[in-house]
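Q: output the structure for:
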Amino acid sequence: MADIDTAVKNVLTETTTVTLTPGYEGANIGTYIGFKHVNYLVEKAVIEHFRRQGLPVGELYEEYGLGFDLVDLEARLRGGVFVDDEASLEVRPVTGDDDTAFRFKVAITVLRDGEPKKIVTASAAAVLRRDEDDRRLPGRVPAPAALDRFTVATLGTPEPGDAVPATGEDLPSGGSTDQDPVLDQLLAGRNGHGWKFRVPYPYVHFFSRMHMSSYLRQMEEAKHRFVDARGISIGAQLAERNWIPAVTHSRIEILGEALLEEDLYTVYTVESVFKNLLYTSRMDCYVVREGHLVKMATGVITHGYGVVENGNQARVVTWDERIDRAIKGLPGEES
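A: Presented below is the predicted three-dimensional model:
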């Protein structure tokens with residue numbers, strides 16, 4: 001690894017531009033890349049910034065036991081990213097003098113009709129989480145002082161919240177249910193939907209804790225479960241009208257560490273509706289520890305509806321009264 005003091009200075013001051021292509025897995029809307037995979041590009045660009053400036057995240061863990069974690073990720077989408085795009089991502093450090101996390105602004109630019117077009121603006125924050133399990137890191141050496149400011153013993157220190165009743169059935173790895181007394185308490189009086197989910201191995205990194213990409217998956221799943229429960233599932237709208245949800249904005253902040261094989265309670269609540277074009281929902285994720293709720297992550301996402309034609313040509317649609325009432329949690333119209 002390069003001189004640490006110089007590398008840290010470079011990470012905090014130098015701008016990196018990297019060309020990346022999106023993952024094909026994310027193309028679930030014709031050749032459009034969904035918001036989750038757009039955010040994956042942002043994460044990858046930040047990791048590449050660390051590598052190019054002399055601070056590879058893999059070596060940080062291997063030498064010092066410091067695990068790189070994105071803890072705050074926000075993206076605004078001004079248009080579509082497609083399967084064939086070679087996207088240019090600019091990572092610009094914006095860490096303040098008193099910040100205890102690395103902070104960045106990220107812009108994604110693609111070619112449209114032969115001209116560069118900025119298609120996504122994003123922000124990201126990252127910390128280094130110390131692993132002190134010597135069974136995993138027998139060769140670990142003390143971390144340089146230049147990294148202390150950005151190093152944490154755990155991701156967040158969330159305080160216990162409301163007491164909750166005994167939880168319901170035990171779930172297998174990756175199993176879920178929307179029937180649980182804790183969910184009843186969390187959803188009381190809310191226009192939302194929730195479910196209980198046992199954290200499986202594919203959702204964790206550094207052996208045990210959920211990472212940012214896992215919460216992005218939860219956010220995408222929350223939308224799907226919400227509209228399905230309201231009788232306007234994604235599949236039904238595609239079959240009936242060729243309408244697909246379109247995301248214009250998302251943000252997730254990690255507040256604590258949800259662990260492998262814990263039960264995660266995810267609640268998706270509609271917060272605002274703009275005309276019949278966009279609605280914003282909040283996602284909150286909790287675990288139960290010693291009989292109390294502890295919030296692990298929170299975020300927001302804004303959706304509309306669109307029609308995609310010829311793979312990559314999209315137009316926004318205004319939804320009708322049936323969709324509007326379902327989103328707002330109002331009774332359906334009498335037949």
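
Q: helices of the chain, start to end?
A: Assigned by DSSP state H, the helices in the chain fall at 4-13, 35-52, 57-64, 181-187, 212-229, 234-241, 321-328.

Q: of all the residues in the longest strand along the chain, which ones are buried?
A: Longest strand of the chain, by residue count under DSSP state E: strand 292-309. By 16 or more other Cβ atoms under 10 Å, the buried positions in strand 292-309 come out as 293-306, 308. Any C-beta I mention is one placed from the backbone N, CA and C, and that applies to glycine too.

Q: repeat for stretch 144-158
A: Quick answer for stretch 144-158 (16+ other Cβ under 10 Å): 146-147, 149-152, 155-156, 158.

Q: could you do stretch 91-106 as well?
A: In stretch 91-106, counting by 16+ other Cβ under 10 Å, buried: 91-93, 95, 101-104, 106.

Q: distance from the chain centre to that stretch, please.
A: Centre-to-centre, stretch 91-106 and its host chain are 19 Å apart (Cα atoms, centre = their mean, to the nearest Å).

Q: got a list of what the spatially most central residue of the chain touches?
A: Nearest to the geometric centre of the chain sits residue 216, at 3.0 Å (Cα atoms, centre = their mean). By Cβ atoms under 8 Å, 6 or more residues apart in numbering, residue 216 lies in contact with 35-36, 39-40, 73, 250, 252.

Q: and which of the residues you listed is nearest residue 7?
A: The closest of the contacts of residue 216 to residue 7 turns out to be residue 73 (Cβ to Cβ; 22.9 Å).

Q: that older thread, mind checking which of the buried residues of stretch 91-106 are in strands?
A: Per DSSP E, the buried residues of stretch 91-106 map to strands at 91-93, 102-104, 106.

Q: now these as a markdown table including distance to residue 6 and pLDDT?
A: Output for these, formatted as a markdown table (distance: Cβ to Cβ, whole Å; pLDDT from 0 to 100):
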| residue | distance to residue 6 | pLDDT |
| --- | --- | --- |
| 91 | 18 | 98 |
| 92 | 19 | 98 |
| 93 | 15 | 98 |
| 102 | 16 | 98 |
| 103 | 20 | 98 |
| 104 | 19 | 98 |
| 106 | 23 | 98 |
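
Q: domains of the chain?
A: 1-153, 154-335 (automatic domain parsing).

Q: follow-up on the earlier one: quick check: mean pLDDT of the longest strand of the chain?
A: Averaging pLDDT along strand 292-309 yields 94.

Q: residues touching the closest residue to residue 293 other than its chain neighbours, list them.
A: In this structure, residue 293 finds its nearest non-sequential neighbour in residue 161, 4.2 Å apart by Cβ to Cβ, 6 or more residues apart in numbering. Residue 161 is in contact with 286, 292-295, counting by Cβ under 8 Å, 6+ apart.
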